[in-house]
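Asks: Sequence and predicted structure, then a few things I'm wondering about:
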Amino acid sequence: MAAKIFYDDDADLGIIQGRKVAVIGYGSQGHAHALSLRDSGVDVRVGLPEGSKSRAKAQEEGLRVLTPAEAAAEADVISIQAPDTVQRTLYAQDIAPNLKPGDALLFSHGFNVRFGYITPLDGVDVALVAPKGPGHLVRRQFVDGHGVPCLVAVESNASGKALELGLSYAKAIGGTRAGVIETTFAEEAETDLFGEQAVLCGGASALIQAGYDTLVDAGYQPEIAYFEVLHELKLIVDLMYEGGIARQRYSCSDTCEYGDLTRGPRIVNDATRTEMKKILAEIQDGTFATEWIAEDDNGRPDFLRLREEGKAHGIEEVGFKLRGLMSWVDRPITETV
Ligand SMILES: NC(=O)C1=CN([C@@H]2O[C@H](COP(=O)(O)OP(=O)(O)OC[C@H]3O[C@@H](n4cnc5c(N)ncnc54)[C@H](OP(=O)(O)O)[C@@H]3O)[C@@H](O)[C@H]2O)C=CC1
Ligand SMILES: CC[C@](O)(C(C)=O)C(=O)O
Ligand SMILES: [Mg+2]
Ligand SMILES: [Mg+2]
């Protein structure tokens with residue numbers, strides 16, 4: 001079945017402009033949504049706990065900051081942009097008690113609903129507007145007049161207009177400039193987790209580190225290894241982003257292309273594809289969700305150790321030094337754009 005894709009002309013900005021929106025959380029996605037909603041003429045407030053380090057950032061941007069419970073009570077569209085691991089408690093303690101019939105609950109990832117950590121109350125619309133990109137770039141693209149594609153899904157359609165509401169919200173954050181695909185919470189949650197684990201973040205980071213280690217262990221200069229497997233990857237991926245893998249192959253040499261075609265499948269081989277299927281199965285049967293929630297409940301010991309090991313990898317120090325000599329590369333990540 002062909003994907004149903006919505007663009008600017010398919011969405012009515014007036015719907016979200018007529019609602020009171022609470023964005024709960026002001027991190028990567030939350031700041032992008034809150035600022036772009038405001039810039040799109042929407043009545044928006046931010047919900048953050050007392051003592052949250054994000055409060056000052058939101059206030060610096062002139063946004064009104066309330067507690068999550070106050071924001072949920074005041075608004076009629078509650079957009080949950082807190083970390084997936086805190087959402088079940090946040091929903092039970094601060095949001096559910098303040099939901100009224102006719103309200104709408106929006107997510108940007110289907111994790112908690114798909115894996116059963118949140119079962120929304122009857123009588124409210126429950127929808128998903130999931131940007132397919134990091135929040136800081138969702139905001140950067142919006143400001144630049146572009147947009148990051150989104151997925152939209154409706155879990156509960158109490159008003160009969162939940163899809164229209166989701167599309168209107170997506171338009172306000174720039175999503176319909178790029179295209180918004182209709183899906184389900186399950187399809188969004190499962191494909192998003194697979195993409196970030198196997199390809200975009202897990203797969204790509206492991207590939208870069210392994211390539212760097214291979215060159216450095218063989219005696220090549222770390223700076224050359226960094227430029228070869230990390231810096232240039234962005235330039236290669238830019239060509240794929242602009243014109244697909246075919247454009248990357250067009251722009252690179254025939255020597256490169258022959259090596260790409262014959263050696264690439266030795267790196268991503270049958271064993272890799274088998275592992276990808278196992279990773280997808282662990283997502284689909286809930287193994288990953290259970291493991292991650294338990295890890296978080298236990299204080300994240302493995303997560304924190306692995307994060308520190310990643311920061312200590314040699315490629316980080318070399319990259320820090322080289323990026324410092326290319327003023328245009330290190331664009332600051334900020335919540336106050
Ligand atoms: N990161 C991304 O680009 C993407 C994220 N998503 C989804 O967006 C959602 C948000 O993720 P992300 O933007 O990465 O989150 P971040 O970790 O970047 O930010 C979380 C924000 O929530 C705040 N927060 C923490 N606890 C609470 C609480 N109890 N109540 C209210 N606010 C709280 C944090 O404040 P403090 O400063 O105090 O920590 C921070 O402002 C998740 O569902 C995620 O899967 C979807 C697409 C991409
Ligand atoms: C790729 C990671 C992501 O899914 C995203 C930026 O889209 C996330 O959860 O951060
Ligand atoms: Mg994603
Ligand atoms: Mg994700």
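Replies: Looks like it came in fine. Given the structure is predicted, the values throughout are model-derived calculations rather than measurements. Ligands and ions are numbered 1, 2, ... in the order given.

Asks: residue contacts, whatever residue of the chain ends up closest to ligand 1?
Replies: Nearest residue of the chain to ligand 1, counting by CB to the nearest ligand atom: residue 27, 1.8 Å away. C-betas here are computed from N, CA, C, even on glycine. Residue 27 is in contact with 54, 81-83, 135, 335, counting by CB atoms under 8 Å, 6 or more residues apart in numbering.

Asks: Just send the residues you listed back as a markdown table, with neighbour count too.
Replies: Output for the contacts of residue 27, formatted as a markdown table (neighbours: other CB atoms under 10 Å):
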| residue | neighbour count |
| --- | --- |
| 54 | 18 |
| 81 | 25 |
| 82 | 25 |
| 83 | 13 |
| 135 | 21 |
| 335 | 21 |
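
Asks: which one in the residues you listed is the model shakiest on?
Replies: pLDDT across those is lowest for residue 335, at 82.

Asks: which residues sit in contact with that one?
Replies: Applying CB under 8 Å, 6+ apart, the residues contacting residue 335 are 26-27, 31, 54, 57-58, 61.

Asks: in a helix, that's where it is, yeah?
Replies: No: Residue 335: not assigned to a helix; according to DSSP: H, G, I helix; E, B strand; the rest coil it is coil.

Asks: where does it fall, phi/psi-wise?
Replies: phi -90, psi 10 (degrees, to the nearest 10).

Asks: doesn't residue 295 make contact with residue 303?
Replies: Yes: contact criterion CB atoms under 8 Å: residue 303 and residue 295 qualify, at 5.8 Å.

Asks: Return the residues of the chain in contact with ligand 1.
Replies: 24-30, 47-49, 52-54, 68, 81-84, 86, 90, 108-109, 130-131, 134-135 (CB under 6 Å from any ligand atom).

Asks: again, only this time at 5 Å
Replies: When proximity is defined as CB under 5 Å from any ligand atom, the chain approaches ligand 1 at 24-29, 52-54, 68, 81-84, 86, 90, 108-109, 134-135.

Asks: Are any of those residues buried, and if so which?
Replies: Buried members of the residues of the chain next to ligand 1, counted by 16 or more other CB atoms under 10 Å: 24-29, 52, 54, 68, 81-82, 84, 86, 90, 108-109, 134-135.

Asks: In space, what's closest to residue 167 - neighbours in sequence excluded?
Replies: Spatial nearest neighbour of residue 167, chain neighbours left out: residue 11 (3.9 Å); criterion: CB to CB, 6 or more residues apart in numbering.

Asks: need the contact list for the residue of the stretch 101-250 of the chain found nearest ligand 4.
Replies: As assessed by CB to the ion, ligand 4 sits closest to residue 192 within the stretch 101-250 of the chain, at 4.4 Å. Applying CB under 8 Å, 6+ apart to residue 192 gives the contacts 109-110, 130.

Asks: after the strand or helix carrying it, next one along is what?
Replies: Per DSSP states H and E: residue 192 is located in helix 185-194. The C-terminal neighbour of helix 185-194 among helices and strands, as given by DSSP H and E, is helix 202-217.

Asks: Now do the contacts for the residue nearest to residue 167.
Replies: Contacts of residue 11 by CB under 8 Å, 6+ apart are 164, 167-168, 170-171, 176, 180.
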